[in-house]
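> need a structure here:
(one chain, ligands or ions: 1)
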Amino acid sequence: MLIRGRCHCGNIAFALAWEPDPAEIPARACDCTFCTKHGGVWTSNPKGTLEVALKDASLVSRYAFGTRTAEFHVCARCGIVPMVTSRIDGRLYAVVSVNAFEGVDPSLLRRTPSSFEGEEEGARLARRKRNWIADVRYVEA
Ligand SMILES: [Zn+2]
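Model prediction:
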């Protein structure tokens, strides 16, 4: 399955290849202080391949807070947050927002609350290496 998503204005777009086709897509409603404010709900497939296309990279605000090990990609034009990246041991990992999906049957989404508050930094990075998309490529828009 090829899952496409984008911010509202289309400046940040992604295509996530998810093989084999998912019977359901985990959708983690994050309760961190930032995601609470913008309604962040994330998914990832550690075996997936993510292609990201930025029309104008200067209009992507990269927001980090707390441990500053992850960057939220906020579209500076429309305010949507389609993805988060984390560079760990030289490799770029990512999760994408199910709210930014386009044309995906919502009944595929299995929404669950998730909380990573209080997680120690080493455990946090190890979890990302296990669960986040490990093949992230920027392509021409
Ligand atoms: Zn936008």
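> the ion contacts on the chain?
Applying Cβ under 5 Å from the ion, we find that the chain lies next to the ion at C7, C9, N11, C75, R77, C78. Just so you know, the C-beta spots here come from the backbone N, C-alpha and C atoms, and that holds for glycine as well.
> of these, which belong to helices?
Mapping the residues of the chain next to the ion onto helices (DSSP state H) picks out no residues; all lie outside.
> buried ones among those?
Neighbour counting with 16 or more other Cβ atoms under 10 Å marks C7, N11, C75, R77 as buried within these.
> let me have the residues you listed in JSON lines, adding pLDDT as columns.
As requested, these are exported to JSON lines (pLDDT from 0 to 100):
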{"residue": "C7", "pLDDT": "98"}
{"residue": "N11", "pLDDT": "98"}
{"residue": "C75", "pLDDT": "98"}
{"residue": "R77", "pLDDT": "98"}
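> what about F116, which SS state?
coil (DSSP: H, G, I helix; E, B strand; the rest coil).
> would you mind confirming that it is in contact with T33?
No - between F116 and T33 there is no contact under Cβ atoms under 8 Å: 11.4 Å.
> from the buried ones among the residues of the chain next to the ion, pick the one nearest M83.
C7 (9.3 Å; Cβ to Cβ).
> check the gap between the closest one and Y63 for me.
14 Å (Cβ to Cβ, to the nearest Å).
> between F116 and T33, tell me which one has more neighbours.
Using other Cβ atoms under 10 Å as the criterion, F116 and T33 rank with F116 on top: 15 against 10.
> name the residues that touch the longest helix anywhere in the chain?
Assignment by DSSP H gives helix 121-131 as the longest helix of the chain. The set of residues external to helix 121-131 that reach it, using Cβ atoms under 8 Å, 6 or more residues apart in numbering, is S44, P46, T67, T69, A70, S86, I88, D89, Y93, F116, E119.
> how about a cut-off of 10 Å?
26, 28, 42-46, 66-70, 84-86, 88-89, 91, 93-95, 116, 119-120, 132, 134 (Cβ atoms under 10 Å, 6 or more residues apart in numbering).
> one more: stretch 56-70?
7, 9, 11-12, 32-34, 52, 54, 71-79, 81-88, 93-95, 116-117, 119-121, 124-125, 128, 132, 138, 141.
> all strands for the protein, in order.
2-6, 12-17, 25-30, 41-43, 49-54, 60-63, 71-75, 83-88, 91-97, 101-102, 109-114, 135-139 (DSSP state E).
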